[in-house]
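> model the structure of this input:
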Amino acid sequence: MAGKATAVQNGDELVQLVAKLGEELGLSVKQQVGVARRIWGAKRKIDVVLIERETRRTLGIECKYQGVPGSAEEKIPATIDDIAAWPIPGIVVFAGTGFTGNMRSFLISTGKAVELEELEPWLKLFFGLSLD
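Reported below is the predicted structural model:
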């Protein structure tokens, strides 16, 4: 997976890369899974849900891409809070050169975010897959 993060051009591509990685790891993959509503009434959707077929262990993944500096990253703390309301464990996978150093540090410090480049080993550990 190394080097692929630079190839991501937008959020949709990030979702597709995460889904593809899940499939390559032998996981069941679902995209845009509806799960209740946010506090202001909008339907909540999880970008990617990965399920280990044998154990049924499940993980929701919210994908965030930012290619240029801007205010989109200001929504990230709300995303971290939103994950806490999911009925399954969840993380944010992020990519793009537009995130500030402070936001990258914040994301990593939450324990609920992983850079795309580090996702594969993280998923292998989470799902108990071979680290080879």
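> same for the lengthiest helix in the chain, what does it pack against?
Longest helix in the chain, counting residues (DSSP state H): helix 11-24. Applying 3 or more CB pairs under 8 Å, 6 or more residues apart in numbering; DSSP states H and E, one finds that helix 11-24 contacts strand 28-37, strand 43-51, strand 58-65, strand 90-95, helix 119-127. Heads up, the C-betas are built off the backbone N, CA and C, glycines and all.
> can you show me the CA trace of the lowest-mean-pLDDT helix or strand in the chain as CSV?
Among the helices and strands of the chain, helix 76-83 carries the lowest confidence by mean pLDDT, DSSP states H and E, at a mean of 85. Extracted in CSV, the C-alpha atoms of helix 76-83 (Å, rounded to 0.1, in the frame of the first residue of the first chain):
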residue,chain,number,x,y,z
ILE,A,76,-12.9,16.5,11.6
PRO,A,77,-13.4,16.7,15.4
ALA,A,78,-17.2,16.4,14.8
THR,A,79,-16.5,13.3,12.8
ILE,A,80,-14.5,11.7,15.6
ASP,A,81,-17.4,12.5,18.0
ASP,A,82,-19.9,11.0,15.5
ILE,A,83,-18.0,7.7,15.4
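> now the helices and strands packed on helix 11-24 in CSV, with mean neighbour count and distance to Gly11?
Output for the helices and strands packed on helix 11-24, formatted as CSV (neighbours: other CB atoms under 10 Å; distance: least, CB to CB, whole Å):
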stretch, mean neighbour count, distance to Gly11
strand 28-37, 13, 12
strand 43-51, 18, 8
strand 58-65, 22, 4
strand 90-95, 24, 9
helix 119-127, 16, 15
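> could I get these as TSV with mean pLDDT and distance to Lys20?
Converted to TSV, those look like this (pLDDT from 0 to 100; distance: least, CB to CB, whole Å):
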stretch	mean pLDDT	distance to Lys20
strand 28-37	88	8
strand 43-51	92	10
strand 58-65	95	12
strand 90-95	94	13
helix 119-127	97	11
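> could I get these as CSV with distance to Ile80?
Output for the helices and strands packed on helix 11-24, formatted as CSV (distance: least, CB to CB, whole Å):
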stretch, distance to Ile80
strand 28-37, 16
strand 43-51, 14
strand 58-65, 9
strand 90-95, 7
helix 119-127, 16
